[in-house]
Every structure is written in structure tokens, then in C-alpha cells.
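Student: following is a predicted model, sequence given first.
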Amino acid sequence: QVQLVESGGGLVQAGGSLRLSCAVSGGTFSANTMGWFRQAPGKEREFVAAISRFGLNTDYLESVKGRFAVSRDNAKRTVNLQMNSLKPEDTAVYFCAAKASRDFGRVRERDLYDYWGQGTQVTVSS
């Protein structure tokens with residue numbers, strides 16, 4: 001059974017930075033495309049970023065491009081999301097997700113992810 005545990009959320013002022021981490025246990029970590037999603041109150045869960053199995057490909061939500069960076073360490077079985085220049089509209093619960101896939105297709109579709117973490121709260125004050 002694959003389990004994902006996020007950490008690193010918190011309260012930060014606008015313009016600040018946070019680094020989220022997701023530790024993965026069980027399964028073959030390098031077999032998974034990894035994604036980050038977020039859900040603000042009253043809104044649907046939306047795609048934020050994804051990284052391919054060996055880190056060669058990434059994809060980002062347009063509004064976070066240039067501010068967020070996703071990375072992974074297959075030896076440590078972790079995936080990270082570095083978030084810079086944070087804005088109040090980035091406030092949400094952030095979720096890590098794993099998708100067993102050989103290719104890097106349809107990474108923005110949340111229903112195609114097989115495993116999810118419990119989420120970590122990110123709050124950006126203005």
C-alpha cells in the first residue's frame with residue numbers, strides 16, 4: 001500500500017516562501033508520476049504541478065509558473081514543492097498525489113491519480 005505524507009505548510013506573509021515535502025512509503029516510488037494539487041475553501045481541487053518519474057519533465061499551473069518549482073529525490077522517496085513569491089490567492093490545502101504511469105500524459109487530471117496524502121494547509125496573509 002502506497003502512503004503519502006505531506007509536511008511544510010504554514011502561515012506566511014505575501015511575498016514569502018514555503019517548501020512543501022511529501023514522503024512516500026510503499027510501492028516503487030520511481031514508477032509514479034507525482035503531482036501537487038490544492039483546494040481552497042468552497043473551490044474544487046486544482047492541479048498545481050507535476051513531475052515525471054525521473055524528474056525529466058514538469059508541468060505547472062499557469063498562475064504558479066516562475067514562482068513554484070517541483071522536484072523529487074527517488075533515493076529518498078520524496079517530492080518537494082518550493083513556493084516563492086507567495087500570494088494570498090495561493091492559500092489552500094495542498095495535496096501530494098501519485099500516479100502509476102510510464103508516460104507523462106494527462107498529469108493535470110486529478111481523477112487519474114491513484115494515491116493521495118492527507119494535505120497540508122498553506123495560508124498566505126496580505
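Tutor: Received, thanks.

Student: so what's residue 95 bridging to?
Tutor: Residue 95 has these beta-bridge partners by DSSP bridges: residue 37.

Student: so it touches residue 119, yeah?
Tutor: Yes. With contact defined as CB atoms under 8 Å, residue 95 counts as touching residue 119 (4.7 Å). Just so you know, the C-beta spots here come from the backbone N, C-alpha and C atoms, and that holds for glycine as well.

Student: common neighbours of these two, please.
Tutor: Shared contacts of residue 95 and residue 119, defined by CB atoms under 8 Å, 6 or more residues apart in numbering, comprise 6, 39.

Student: who has more neighbours out of these two?
Tutor: Taking other CB atoms under 10 Å, residue 95 and residue 119 do not tie; residue 95 has more neighbours (23 against 18).

Student: OK, contacts around that one?
Tutor: With CB under 8 Å, 6+ apart, residue 95 has these contacts: 6, 36-39, 45, 116-119.
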